[in-house]
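[1] Here's a sequence, model it:
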Amino acid sequence: MHSERRPRLTPAIADVRRAVRELLTDRPQQETADGLVLVGLSGGADSLALAAATAFEAPRLGLRAGAVIVDHALQAGSAEVAARAAEQARALGLAPVLVSRVDVVAAGAGNGPEAAARTARYAALEAARAETGATHVLLGHTLDDQAESVLLGLARGSGATSLHGMAPVTGMLLRPLLGIRRETTRQFCEDAGVTPWDDPHNFDQRFARVRVRTSVLPTLEGEIGPGIAEALARTAEQLREDASALDAMVLEMIEEICEPAEAGIAVSVRSLAANPPALRQRIVRYVVESEFGVSLARVHTLAVLRLVTDWHGQGTLDLPGVRVERQDGMLVFSAPGTSPSKGPLPSHGTSRH
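    Here you go, the predicted model:
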């Protein structure tokens with residue numbers, strides 16, 4: 001039964017509800033009109049506050065709201081934790097409520113436990129969305145999660161993409177709480193009279209993210225001053241804006257500088273050389289990913305671009321998932337195992353459509 005108890009409107013409740021309302025309102029009407037949205041619910045403070053706020057706001061926007069609980073089966077009693085979260089979701093008035101048990105080991109494919117769990121979780125969320133016909137799945141990532149992601153990406157030297165952090169909208173995934181602190185979601189739960197579950201993994205020092213959360217960020221706050229988490233989140237937002245602008249520039253020029261090649265695609269060396277390094281990198285990554293489904297690391301794109309900026313007759317470059325050679329003023333990208341063509345390429349004036 002849906003609880004009729006209405007908590008008083010405290011600042012924490014108001015902030016979380018407002019964040020949910022604003023992101024749902026920003027969706028194009030055709031995406032959400034009379035639709036169903038699901039909340040990814042773990043039972044923790046962040047997702048529980050999100051679930052309660054969504055249960056309140058969605059009907060006022062003409063939406064239905066349900067929940068999906070993913071049981072990773074990594075801890076004793078995980079089924080009971082999932083069942084309790086499902087009960088809380090129903091008590092909030094969310095429907096439908098789905099519980100999905102996943103096989104993290106099978107989803108891991110040799111990755112670490114955190115990556116394997118994430119892969120399994122997102123697959124389960126998408127399956128639930130497809131099964132129910134929901135338009136979106138809402139996730140409870142907070143500003144603190146964003147700051148941790150940026151700091152981890154910086155420490156690993158993963159490049160600008162990892163420093164973008166998480167976007168509020170990623171396809172069918174919505175993250176309304178990226179501007180909300182974790183302490184606010186916990187206060188929300190206290191004010192609303194709902195009891196969150198504390199995942200023991202959130203205190204396990206074996207995980208890098210936990211060490212960042214419990215040691216690194218507090219140390220930075222203590223040594224440098226308050227506001228570190230907010231600054232990291234702002235940095236992520238600024239980098240996403242910059243990346244969006246650069247990606248748009250790549251899309252505008254890609255048709256003019258590419259053309260078909262035997263078993264692949266060719267890109268004008270002159271056009272690449274005329275652009276700054278950031279655009280060259282993005283062009284190469286875009287071409288390889290769109291044509292061959294391969295995401296190149298920076299070391300690979302730099303090797304490709306040496307065929308442009310440091311050309312002295314190098315031979316074919318074999319990279320993971322793609323071969324590259326310079327021929328007739330073009331960089332020719334082809335599938336692995338393809339024999340390089342020695343004949344002239346088609347006219348460079350032919351645009352690829």
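
[2] was I right about residue 25 contacting residue 61?
    Yes - judged on CB atoms under 8 Å, residue 25 makes contact with residue 61 at a distance of 6.6 Å. To be clear about C-beta, it is placed using only N, CA and C from the backbone, and glycine gets the same treatment.

[3] And the strands in the stretch 151-300 of the chain, which stretches?
    Under the criterion DSSP state E, counting those that start in this stretch, the stretch 151-300 of the chain carries strands at the ranges 169-170, 173-174, 258-261, 264-268.

[4] Among those, which comes closest to residue 71?
    Closest to residue 71 of these is strand 173-174 (CB to CB; 19.5 Å).

[5] Tell me where the longest helix sits in the chain.
    Under DSSP state H, the helix in the chain containing the largest number of residues is helix 228-257.

[6] Flag every buried residue along that one.
    The neighbour-count criterion (16 or more other CB atoms under 10 Å) identifies 228-229, 232-233, 235-237, 239-240, 243, 246, 250, 254, 257 as the buried residues of helix 228-257.

[7] how about a markdown table for those, with distance to residue 170 added?
    Listed next are the buried residues of helix 228-257 as a markdown table, based on distance: CB to CB, whole Å:
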| residue | distance to residue 170 |
| --- | --- |
| 228 | 25 |
| 229 | 21 |
| 232 | 19 |
| 233 | 16 |
| 235 | 18 |
| 236 | 13 |
| 237 | 14 |
| 239 | 15 |
| 240 | 11 |
| 243 | 13 |
| 246 | 18 |
| 250 | 19 |
| 254 | 23 |
| 257 | 28 |
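
[8] and these as JSON lines, adding pLDDT and distance to residue 207?
    Shown next, in JSON lines, are those (pLDDT from 0 to 100; distance: CB to CB, whole Å):
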{"residue": "228", "pLDDT": "93", "distance to residue 207": "20"}
{"residue": "229", "pLDDT": "93", "distance to residue 207": "18"}
{"residue": "232", "pLDDT": "91", "distance to residue 207": "19"}
{"residue": "233", "pLDDT": "92", "distance to residue 207": "21"}
{"residue": "235", "pLDDT": "89", "distance to residue 207": "23"}
{"residue": "236", "pLDDT": "90", "distance to residue 207": "21"}
{"residue": "237", "pLDDT": "90", "distance to residue 207": "25"}
{"residue": "239", "pLDDT": "87", "distance to residue 207": "25"}
{"residue": "240", "pLDDT": "87", "distance to residue 207": "25"}
{"residue": "243", "pLDDT": "84", "distance to residue 207": "28"}
{"residue": "246", "pLDDT": "86", "distance to residue 207": "33"}
{"residue": "250", "pLDDT": "90", "distance to residue 207": "36"}
{"residue": "254", "pLDDT": "89", "distance to residue 207": "40"}
{"residue": "257", "pLDDT": "91", "distance to residue 207": "44"}
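
[9] With respect to residue 200, which of the residues you listed is nearest?
    Minimum distance to residue 200 across the buried residues of helix 228-257 is 23.2 Å, recorded for residue 229 (CB to CB).

[10] Surely the closest one touches residue 217?
    Yes - contact status for residue 229 versus residue 217: in contact at 6.4 Å, counting by CB under 8 Å.

[11] any shared contact partners between those two?
    When contacts are counted by CB atoms under 8 Å, 6 or more residues apart in numbering, residue 229 and residue 217 have 144, 147 as shared neighbours.

[12] Show me the shaky parts of this protein.
    Applying pLDDT under 70 to the chain flags the ranges 1-6, 28-34, 106-111, 157-162, 338-353.

[13] 50 - rerun?
    Counting by pLDDT under 50, the chain contains low-confidence residues at 1-3, 343-353.

[14] Show me it divided up by domain.
    Using automatic domain parsing, the domain parsing of the chain gives 11-226, 244-334.

[15] got the buried residues for stretch 290-305?
    Counting neighbours by 16+ other CB under 10 Å, the buried set in stretch 290-305 is 292, 294, 296, 300, 301, 303, 304, 305.

[16] Next, name the residue at the spatial heart of the chain.
    With distances taken as CA atoms, centre = their mean, the chain has residue 166 as the residue nearest its mean C-alpha position (5.0 Å).

[17] Quick check: residue 305 touching residue 284?
    Yes - with the criterion set as CB under 8 Å, residue 305 and residue 284 qualify as a contacting pair; they are 6.6 Å apart.

[18] so what sits against both of the two?
    Any residue near both residue 305 and residue 284 by CB under 8 Å, 6+ apart counts here, and that gives residue 272.

[19] picking up where we left off before, contacting residues around the residue nearest to the centre of the chain?
    When contacts are counted by CB under 8 Å, 6+ apart, residue 166 touches 141, 145, 146, 149, 175, 178, 236.

[20] let's see it at 10 Å
    139, 141, 145, 146, 149, 150, 173, 175, 178, 233, 236, 240 (CB atoms under 10 Å, 6 or more residues apart in numbering).

[21] next one: residue 296
    For residue 296, the contacting residues are 281, 284-285, 287-289, 302-304, 319-322, 324, taking CB under 10 Å, 6+ apart as the criterion.

[22] What subset of those is buried?
    Here, 16+ other CB under 10 Å leaves 281, 284, 285, 287, 288, 303, 304, 319, 322, 324 buried among these.
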